[in-house]
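# Let me see the structure of the following:
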Amino acid sequence: MTDKNQALRILDANRNRGCEALRTIEEYFRFAWDDSYLTELTKCIRHDFNTAFAASGHTLLAMRDTDGDVGTNISTTTESSRASNRDVVEAAFSRLQQSLRVIEEYGKVVSEAVECELIEQLRYRCYQLHHSFASITAGRERLTDARIYAIISGQESDEDFDKYCTEIIHSGVDVIQLRDKHLSDRDLIARGKHLRQILNTVDLPPLFIMNDRPDLAVLTGADGVHVGQDELTVAETRSIVGPDLIIGVSTHNITQVADAVREGANYIGCGPTFPSGTKSFDSFAGVSFLREVSDRFQIPAFAIGGIDLNNIAEVVEAGFNRVAISGVLSTSVPQDVVSALQPLLT
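Residues are numbered from 1 along each chain as shown. I've put the predicted structure just below:
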């Protein structure tokens, strides 16, 4: 068999392998996650993958020799068993990336059979898709039962902060974000370390998120960091906090949500939903934005902005069962607020 015919046979096998892997991934996003955005991304990659072979489909099929394939009877024990659907998808991504590299290399021998430049672009798009999948999966695992996300300030004194933190922690919230634009870095670090110490004394403590500052998140032992649209990117933040801390991103429109997913955010905040007593805004994304996010994305998402017991029904009706609250905690008894919200966010 000539070099060209050998290459065509290899291309045929890896075209099939790549198509099968893409379909496996797409079905997971479609039926397991109900995520129309990632389903659409995967479908576009699959269509472009087929386009790369548009000129050689019949040629590749003619070189197929399944009966003569010495690899059909070779298998490993791990191939016949998967522990979870996630493992199925991870295996599919592995097969896909290997197939794309094989196609890119052997396509150089028979360049007329495949668009190698397009295959190279698809390989990078698949790397990005895999990153999004892994990041959202990590966020979903860390935030599985998280429904109420409390945003607190550093308070006026150490004593006030200690008292307020203890009250918030025991109210039953799932996440606590420390956000204070007025404290010095030293004071903010001190508050963050104290919060960490209190959390370490509690069974099943809420997650601790530092606002805006990945450097301070690391120094205070936080579980994650939340950044806005004007702060560091997800990639820049990840380079500081490392692989284990979760990263949240504030989003105000659908384009920003899509960007957060592509960049590898673990969760997002969506808003502002209503006018807030703790933060002023020029405009409001509103409930319609929440509804659009709920319809298209399955990344963990918290509605934020002026949410209280008077408007929580609108948030839930829009498809959200996670909320971030701040002002309502300082004007009411935190435990009463949380106890009233919890049954509404199941």
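# isn't there a helix covering Glu27?
Yes. Under DSSP: H, G, I helix; E, B strand; the rest coil, Glu27 falls within a helix.
# give me the number of residues near it?
If you count neighbours by other Cβ atoms under 10 Å, Glu27 ends up with 16. Bear in mind the C-beta positions are built from the backbone N, C-alpha and C, glycine included.
# before we move on, what about Arg296?
18.
# For it, list the residues it contacts.
35-37, 254, 257 (Cβ atoms under 8 Å, 6 or more residues apart in numbering).
# And for Phe297?
Phe297 neighbours (Cβ under 8 Å, 6+ apart): 35-37, 257, 261.
# where's it relative to Asp34, distance?
10 Å (Cβ to Cβ, to the nearest Å).
# Apart from its chain neighbours, what residue comes closest to the residue positioned nearest the centre of the chain?
When Cα atoms, centre = their mean is applied to the chain, the residue found nearest the centroid is Ile136 (2.7 Å). Nearest non-adjacent residue to Ile136, counting by Cβ to Cβ, 6 or more residues apart in numbering: Ile299, 4.9 Å away.
# My understanding was that the one you found contacts Arg262; is that so?
No. At 10.7 Å, Ile299 does not count as touching Arg262 under the criterion of Cβ atoms under 8 Å.
# Neighbour count: the two, which is higher?
Ile299 (25 against 18).
# Mind pulling the model confidence for that one?
On pLDDT, Ile299 comes in at 98.
# show me the contacts for it.
136, 139, 257, 260-261, 265-268.
# how about 10 Å then?
Ile299 makes contacts with 33, 35, 37-38, 132, 135-136, 139-140, 143, 248-249, 251, 257, 260-261, 265-268, 293, as judged by Cβ atoms under 10 Å, 6 or more residues apart in numbering.
# How about Leu129?
Contacts for Leu129 (Cβ under 10 Å, 6+ apart) come out as 22, 25, 29, 38, 41-42, 45, 93, 96, 122, 261-262.
# Output those residues as CSV; include the columns secondary structure.
Converted to CSV, the contacts of Leu129 look like this (three-state DSSP):
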residue, secondary structure
Leu22, helix
Ile25, helix
Phe29, helix
Leu38, helix
Leu41, helix
Thr42, helix
Ile45, helix
Phe93, helix
Leu96, helix
Leu122, helix
Val261, helix
Arg262, helix
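# ok, those vs Ala190, which is closest?
For these, the minimum distance to Ala190 (Cβ to Cβ) is 35.0 Å, reached by Val261.
# Could you report the neighbour count for that closest one?
28.
# got the buried residues for the helix or strand hosting Val89?
Element membership of Val89 [criterion: DSSP states H and E] is helix 85-106. Neighbour-count burial for helix 85-106 flags 86, 89-90, 92-93, 95-97, 99-100, 102-104, 106 (criterion: 16 or more other Cβ atoms under 10 Å).
# still on that earlier bit, shared neighbours, Ile299 and Arg262?
Counting by Cβ under 10 Å, 6+ apart, the contacts common to Ile299 and Arg262 are 37-38, 132, 135.
# For the helix or strand containing His194, which residues meet the burial criterion?
Following DSSP H and E, one finds His194 within helix 185-199. By 16+ other Cβ under 10 Å, the buried positions in helix 185-199 come out as 188-192, 194-196, 198-199.
# For it, name the packing helices and strands.
helix 158-169, strand 175-178, strand 207-211, helix 214-220 (3 or more Cβ pairs under 10 Å, 6 or more residues apart in numbering; DSSP states H and E).
# quick one: contacts of the first one?
Same thing as helix 158-169. 150-157, 176, 178, 180, 183, 187, 190-191, 194-195, 197-199, 201-202, 205-206, 208, 329-330, 333-335, 338.
# Sort out which of those are buried, if you could.
150-155, 176, 178, 180, 183, 190-191, 194-195, 198-199, 205-206, 208, 329, 334, 338.
# Could you measure from Val88 over to Thr24?
Distance from Val88 to Thr24, by Cβ to Cβ: 7 Å.
# again, but for Ile254
27 Å.
# Settle this for me: Ser153 is touching Leu178, isn't it.
Yes. Using Cβ atoms under 10 Å, Ser153 is in contact with Leu178, at 7.9 Å.
# list residues touching both of these two?
With Cβ under 10 Å, 6+ apart, Ser153 and Leu178 have common neighbours 161, 191, 211.
# Now the first one. Nearest residue, chain neighbours left out?
Just to be clear, that refers to Phe161. Gln155 (4.1 Å).
# try Glu314
Per Cβ to Cβ, 6+ apart, closest to Glu314 is Val287, 5.2 Å.
# And Glu115, by the same measure?
Ala52 (4.4 Å).
# Ramachandran angles for the one you found?
Ala52 has phi and psi values of phi -60, psi -20 when expressed as degrees, to the nearest 10.
# and it, what pLDDT?
96.
# What about it, how many residues nearby?
Counted with other Cβ under 10 Å, Ala52 comes out at 23.
# From what I see, it and Leu60 are in contact.
No. Contact between Ala52 and Leu60 fails when scored by Cβ under 10 Å: they sit 11.6 Å apart.
# and the helix or strand of the chain with the lowest mean pLDDT, how far from the chain's centre?
The weakest-scoring helix or strand in the chain, judged by mean pLDDT, DSSP states H and E, is helix 57-62 (a mean of 83). Offset of helix 57-62 from its chain centre (Cα atoms, centre = their mean, to the nearest Å): 39 Å.
# Over to stretch 189-207?
Distance, centroid of stretch 189-207 to centroid of chain: 25 Å (Cα atoms, centre = their mean).
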